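Visitor: Quick one, fold the following:
(one chain, ligands or ions: 4)
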Amino acid sequence: MQVKSVCGYCGVGCGIQFDTQQLIGDISYPINEGSLCSKGVSELVSIQTETRLLRPVMRNHIHEAYTVSSWKESIHKIATALKQAPKEKIGFYLSGQLLTEDYYVANKLGKGFIGTNNVDSNSRTCMASAVTAHSKAFGIDYVPVRMHDIKHTDLLILVGANTAEAHVVFHNQIIKAKKRGLKVIVIDPRFTTTAKIADLHLPIKVGSDIDLFNLLASHIIDEDLIDHAFIESSVNNFTLLKNKFKRIPKTKMLKRTGLSKGQFQAFWELFKSHENIISAWTMGLNQSTQGVDKNLSLINIHLLTGKIFKRGNGPFSLTGQPNAMGGREVGGLSTMLAVHYGFDKKSIKKVSEFWQTDKINPNVGLTATEMMRANLDVLIICHTDPVYHLPNRHQTEALIQKIPLVVEINAYDNSETSDFAHIKLPAAPWGEKEGTQTNMDRAITKQMKLTRTSIDCKPDWEIFQLIAQALGHKKAFNFQNPQEIFEEFQAMCRLNPHLDIYNANYKTLSESPFVWGEAIRKERKFFTKNQKANLHFVENRLISEKTSLEYPFILLTGRTRDQWHSGTKTNLPKTLLHHKKLNFCEIHPNDAKRLALRTGDAIKIMSKQGEIISEVLITESIREKTLFVPLSHRKINYLTNSLLDSESMEPDYNHTPVRIEKVKP
Ligand SMILES: Nc1nc2c(c(=O)[nH]1)N[C@H]1C(S)=C(S)[C@@H](COP(=O)(O)OP(=O)(O)OC[C@H]3O[C@@H](n4cnc5c(=O)[nH]c(N)nc54)[C@H](O)[C@@H]3O)O[C@H]1N2
Ligand SMILES: Nc1nc2c(c(=O)[nH]1)N[C@H]1C(S)=C(S)[C@@H](COP(=O)(O)OP(=O)(O)OC[C@H]3O[C@@H](n4cnc5c(=O)[nH]c(N)nc54)[C@H](O)[C@@H]3O)O[C@H]1N2
Ligand code: SF4
Ligand SMILES: [Mo]
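Guide: Ligands and ions are numbered 1, 2, ... in the order given. Here you go, the predicted model:
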């Protein structure tokens, strides 16, 4: 029998086809038309490993060994602790890799029935800056571009995004579009694999994107490339922005970007000679103390030129995880309540009536990046590995140890967080369960169950439902299957009708995705008070940690094609397809020469926060005084600092000053 499903790795969301013999890309699926990358192809293998977590386990203290427990005993212990804890001392740490149904049940339980808004997710470390910027500019968190727009654009500006490694199948579409004449600009301090296909690579100095886009905006204003009619009908703050730009010196902006006049001129020429322009970005903009402002400076460009809500145009925030978008729709961030509603009285009233509860708290909850510091009594972590992924790991480890009950829900037993949990519950991974996810261009798709669920494992939603029932909420949490949850969520979307997800049909989603929000695009609608988009004047405030004589290098961190973050699913003997090593440190030849380093040398990388061991890889592809270490180095965050963007609370992962030293053999 043939089953159609969807890949569970990245935000592209490729369709797959499975019969009992093999797993291949679905040729009829509009998103990937049959292609898959190495991760998608090997996804089934990853569920058959010895490192799966197959039983609930428990211990009283983190220095003891775990012993096998039962579901009944584990859930009872969790429910007892939840009943005793003040609700502000409870945290749910979720993930953009959860399915929409998992997210919905966890959010309903936390915010609706326990009464804590401390329900946040690893998306805080990922998409939060884009979410905040979308809301500030458009009035809602909305992505106005679709992947297939790439076929209709003339110029693609990729900024702080390495699609060749992180969104592989989308990258292949870019290559196809290039054959038709598409021009590509890559703005990245590294000459990445993506930069190899670029018509222009701008090796920008880390953290100076705002300067570059402000410079571009100034040129747009000075040479009158403005779409005046669009500004008149649909955009706020134009005069304000124009006046502000008069006062900032252009030479200073250019100098800070580290680019030459000639490089900027080439950028400007390409920009003004193309009609249809998409800009796409990922972590190079979002992960910064100025992540929101970096996003806004780029969105400004599209608003000034009216290059938005038109085929082949717009600002395209590329989502990383398979369902980071679905989580945002449900409301799985502590700064939102549900279905794009916040914590104002009217929203709380509507949501309370829908859920039939009076427990909703009117205050914004703790973000994932704040939870560890909040002296919580109970922390439930699901489908993510915060000890691995949060910045400043020594601090994370010190803080998590103070939490009396840490519950980890994971499908694998070898996370870094595992050493700090008291109870571990075995989740059913991709392939052993069913449910929906929204990819990076708002297409809702469905993962199907391809093989039997391991005996003692449960889908994540069911685990949250068991906790809810043990707390006495049997009526509100009586779902028999994911379809019932999805349909309740659909009904809830009617409260906020632009989320037209209620028009989807759960049954057919795995064959034909449903794209929400297309009417918004057609009607060119914004959701601010006067229904116009907002321009924002932002400046590079230079607030990241600075290099010094002691720490002269800036450390960049990021992805490689065949690895998925901590590697519980990809770094397995049977899936080892690595085209790159798991641990290496890219360094410019001039820096290597100065330090007498050769490729292959073992080095110690040190920051104010900690140190790790890595291996030298000399390459021209990186700027001088800059290093790159991949995320597949599980200890990477011993180095990174704790600085956050003050609005999105997203970490500044790419701006840590470090020094290196050769390890004596
Ligand atoms: N193979 C693979 N694919 C993945 C993932 C994975 O683990 N493995 N993870 C998924 C997830 S969750 C995410 S969020 C996405 C991330 O997708 P990407 O963001 O495309 O991946 P990164 O490797 O983090 O690339 C960020 C790029 O930004 C550059 N950069 C750093 N600082 C700056 C800066 O100040 N300005 C500019 N302009 N550029 C800068 C870096 O050099 C790097 O090339 O990938 C998704 N896809
Ligand atoms: N230095 C630095 N740090 C970063 C980043 C960076 O660029 N640089 N990027 C940040 C970003 S963008 C992200 S998204 C995060 C990613 O960081 P994490 O989310 O911590 O990374 P993963 O390894 O994807 O963790 C997913 C976990 O879910 C488990 N799992 C797999 N399937 C299932 C399932 O079905 N159910 C459950 N319950 N568990 C399952 C896996 O075993 C794994 O432990 O890292 C962030 N940290
Ligand atoms: S591009 Fe993303 S969704 Fe497609 S197969 Fe690769 S990991 Fe899966
Ligand atoms: Mo991410």
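Visitor: Leu285 sits in which helix or strand?
Guide: Using DSSP states H and E, Leu285 sits in helix 283-286.
Visitor: Same question for Leu254.
Guide: Secondary structure (DSSP H and E) places Leu254 in helix 250-257.
Visitor: Identify the residues contacting that helix?
Guide: Residues from elsewhere that reach helix 250-257 (C-beta atoms under 8 Å, 6 or more residues apart in numbering): Leu202, Ile204, Lys205, Ser208, Asp211, Leu212, Asn214, Leu215, Ser218, Lys261, Phe264, Asn540. All C-beta atoms are positioned from the backbone trio N, CA, C, and that covers glycine.
Visitor: and of these, the nearest to Gly160?
Guide: Ranked by distance to Gly160 (C-beta to C-beta), the contacts of helix 250-257 are led by Ile204 at 8.7 Å.
Visitor: Neighbours of the closest one, how many?
Guide: Neighbours of Ile204 under the rule other C-beta atoms under 10 Å: 23.
Visitor: next one: Ser69
Guide: 18.
Visitor: show me the contacts for the closest residue to ligand 4 within the stretch 401-550 of the chain.
Guide: At 11.2 Å from ligand 4, Met440 is the closest residue in the stretch 401-550 of the chain, using C-beta to the ion. The neighbours of Met440, taking C-beta under 8 Å, 6+ apart as the test, are Gly11, Val12, Gly13, Val143, Met147, His167, Ser317, Leu318, Thr319, Met325.
Visitor: please redo it, this time with the cut-off set to 6 Å
Guide: Shown in contact with Met440 (C-beta atoms under 6 Å, 6 or more residues apart in numbering): Gly11, Leu318, Thr319.
Visitor: In three-state terms, label it for me.
Guide: coil (DSSP: H, G, I helix; E, B strand; the rest coil).
Visitor: Look up phi and psi at it.
Guide: phi -70, psi -10 (degrees, to the nearest 10).
Visitor: Next one, pLDDT for it please.
Guide: Predicted confidence (pLDDT) for Met440: 96.
Visitor: same deal with Met372?
Guide: 98.
Visitor: same deal with Pro30?
Guide: 84.
Visitor: Burial check on it, number of neighbours?
Guide: Pro30 has 13 nearby residues by other C-beta under 10 Å.
Visitor: interface residues of the chain facing ligand 1?
Guide: By C-beta under 6 Å from any ligand atom, the residues of the chain that approach ligand 1 are 10, 126, 159-162, 165-166, 187-190, 192, 204, 206-207, 209, 282-284, 320-321, 556, 558-559, 561, 563-565, 631, 654.
Visitor: what subset of the residues you listed is also close to ligand 4?
Guide: The residues of these that also fall near ligand 4, by C-beta under 5 Å from the ion, are Cys126, Gly320.
Visitor: Show me which of the residues of the chain next to ligand 1 are buried.
Guide: For these, a neighbour count by 16 or more other C-beta atoms under 10 Å gives the buried set as 10, 126, 159-162, 165-166, 187-190, 192, 204, 206-207, 209, 282-284, 320-321, 556, 558-559, 561, 563-565, 631, 654.
Visitor: near ligand 3, from those?
Guide: Restricting those to those near ligand 3 - C-beta under 6 Å from any ligand atom - leaves Cys10.
Visitor: Just the buried ones among the residues of the chain next to ligand 1: which are in helices?
Guide: Glu165, Ala166, Asp209, Met283, Gly284 (DSSP state H).
Visitor: ranges for the helices of the stretch 551-665 of the chain?
Guide: Along the stretch 551-665 of the chain, the stretches classed as helices by DSSP state H, counting those that start in this stretch are 589-594.
Visitor: actually the stretch 1-150 of the chain, sorry about that
Guide: Going by DSSP H, counting those that start in this stretch, the stretch 1-150 of the chain shows helices at 38-41, 71-84, 100-107, 128-138.
Visitor: Can you flag the weakest of those helices by average pLDDT?
Guide: Across the helices of the stretch 1-150 of the chain, the lowest-scoring stretch is helix 38-41, with a mean of 92.
Visitor: Now do that helix: everything it contacts.
Guide: Cys7, Tyr9, Cys14, Asp562, Leu577.
Visitor: For the second one, what are phi and psi?
Guide: Read it as Tyr9. phi -90, psi -90.
Visitor: Count the neighbours of the closest residue to it other than its chain neighbours for me.
Guide: The shortest distance from Tyr9 to any non-neighbouring residue, by C-beta to C-beta, 6 or more residues apart in numbering, is to Lys39 (4.7 Å). Using other C-beta under 10 Å, Lys39 has 22 neighbouring residues.
Visitor: got a list of what Trp461 touches?
Guide: Trp461 neighbours (C-beta under 6 Å, 6+ apart): Glu101, Asp102, Val105.
Visitor: Could you measure from the last one over to ligand 3?
Guide: Okay, so that is Val105. Using C-beta to the nearest ligand atom, to the nearest Å, Val105 is found at 24 Å from ligand 3.
Visitor: re the thing from before, do you know how far the residue nearest to Tyr9 is from ligand 3?
Guide: Distance, Lys39 to ligand 3, by C-beta to the nearest ligand atom: 4 Å.
Visitor: go on, Met492?
Guide: Separation of Met492 from ligand 3 (C-beta to the nearest ligand atom): 27 Å.
Visitor: Confirm that residue sits in a helix?
Guide: Yes - checked against three-state DSSP, Met492 lies within a helix.
Visitor: tally of neighbours for it?
Guide: Using other C-beta under 10 Å: Met492 sits among 23 other residues.
Visitor: Contacts only, for it.
Guide: Contacts of Met492 (C-beta under 6 Å, 6+ apart): Val339, Phe354.
Visitor: Near the spatially closest residue to Gly517 that is not a sequence neighbour, how many other residues are there?
Guide: Counting by C-beta to C-beta, 6+ apart, Gly517 lies nearest to Arg442, which is 5.3 Å off, once chain neighbours are set aside. The number of residues packed near Arg442 is 24, by other C-beta under 10 Å.
Visitor: In the stretch 151-300 of the chain, which residue sits nearest ligand 4?
Guide: Going by C-beta to the ion, ligand 4 is nearest to Met283 of the stretch 151-300 of the chain, at 6.9 Å.
Visitor: Leaving out chain neighbours, which residue sits closest to that residue?
Guide: Gly160 (6.2 Å).
Visitor: Where does Leu466 sit: helix, strand or coil?
Guide: Leu466 is classified as helix under three-state DSSP.
Visitor: what's the burial count for it?
Guide: 19.
Visitor: Just list the residues touching the closest residue to ligand 3 within the stretch 101-250 of the chain, thanks.
Guide: The stretch 101-250 of the chain approaches ligand 3 most closely through Val169 (3.7 Å), counting by C-beta to the nearest ligand atom. Going by C-beta under 6 Å, 6+ apart, Val169 touches Val12, Cys14, Asn32, Ser35, Cys37.
Visitor: again, only this time at 10 Å
Guide: Val169 sits next to 7, 10, 12-14, 25, 31-37, 40, 147, 163 when contact means C-beta atoms under 10 Å, 6 or more residues apart in numbering.
Visitor: Right, I'll call it a day here.
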